[in-house]
Structures are given as structure tokens and as C-alpha cells.
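Colleague: okay, sequence plus prediction incoming.
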Amino acid sequence: MRIRRAGGDDAGAVADVFIAARKPMLAYLPDLHTEQDIRGWIARVVASEEVWVAEVDGTVCGFSSLEDDLLGHLYVDPRFQNRGIGTALLDHAKSQRRAGLRLWVFQQNTGARRLYERNGFVVLELTNGSGNEEREPDALYGWR
């Protein structure tokens, strides 16, 4: 596995990972956007933010995005989960932001919360979800 900076050519693969990962793990979330909308949004994100991809044998299998001290996204394709890819992406993000990181995660996403807590993140705030478009309770985590 290798981690590298994403380029414009990676937008489709990053969108594939995002869509594949959210369906089974976050089935409780409402469908607010079409797949076409998601793909357009991902293309804009990859072009404008600091996005990193994890590859196995040339296949993009996960990604993370960073903006200032915020880890905005970290997703791994379900076919590649439980192989240390999420931890590797998280470690890479920490190496890029040695002063600290914050991230938001849905409270129901217990698998992600376990990953973050195992890797030194602590809960800074719990919310009722009124601040996110899904209206789902979430948690702000921090690492220093």
C-alpha cells in the first residue's frame, strides 16, 4: 500500500470510495444528494483541498482530506477495510499536521470512533446534529 497526494485524475476513484464506504457503514443517513451531485462535489474537493489517496496494487482504496487542522474526510472502500488502511491514512494526516487535528464523526459511526480513539483522539464536543446537513448527532474529536 502507498499513500500519495491526489490529483484531478483521481476524482472518479475517490468518489467511488466515498459512495461505496458510506452505503453500508452509514445506512442510517438520509440520501440528500444524487450520485451525480456527489461526483461533482468530489471533483471540486479533489481540485481544491489537500486530498491523499491510499493505493493497493494501483487501485485507490481509501482517501483522506485535510483543510487547515481539520480532517474533513477519511474513507476506505469496504473491500479493503480491516487491513490497516484507515490507520495508515490517519497516521499520514497526523504527520502532516503535527500541531494537532480535529475531525467530526457521526455518533452512530462506532467503528470510526473506535479507530480515532485507538489513535489518540479524544471527544471535545457532542452535538445534537443541528449543525450538519444530515441532522444526525455528531462528535468533534481532537488530537494533539
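Modeller: Received, thanks. Numbers count the residues shown, from 1 in each chain.
Colleague: what pairs with the longest strand along the chain, parallel or antiparallel?
Modeller: Criterion DSSP state E: the longest strand present in the chain is strand 59-67. When pairing is defined by DSSP bridges, strand 59-67 lines up against strand 50-56 (antiparallel), strand 70-76 (antiparallel).
Colleague: most tightly surrounded among those strands?
Modeller: strand 70-76 (a mean of 22; mean count of other C-beta atoms under 10 Å). For glycine as for every other residue, the C-beta is placed from the backbone atoms N, C-alpha and C.
Colleague: and the closest residue to Thr127 other than its chain neighbours, how far from Arg5?
Modeller: Spatial nearest neighbour of Thr127, excluding adjacent residues (C-beta to C-beta, 6 or more residues apart in numbering): Asp138 at 5.5 Å. Asp138 sits 28 Å away from Arg5, going by C-beta to C-beta, to the nearest Å.
Colleague: next: Val123.
Modeller: From Val123 to Arg5 the distance is 30 Å (C-beta to C-beta).
Colleague: more neighbours: the two, which one.
Modeller: Legend: neighbour count by other C-beta atoms under 10 Å for Val123 and Arg5, higher for Val123 (14 against 9).
Colleague: the more buried one contacts Asp138, doesn't it?
Modeller: No: using C-beta atoms under 8 Å, Val123 is not in contact with Asp138; the gap is 10.7 Å.
Colleague: ok, back up a step: among the strands paired with strand 59-67, which comes closest to Glu117?
Modeller: strand 70-76 (14.0 Å; C-beta to C-beta).
Colleague: cheers, nothing more for now.
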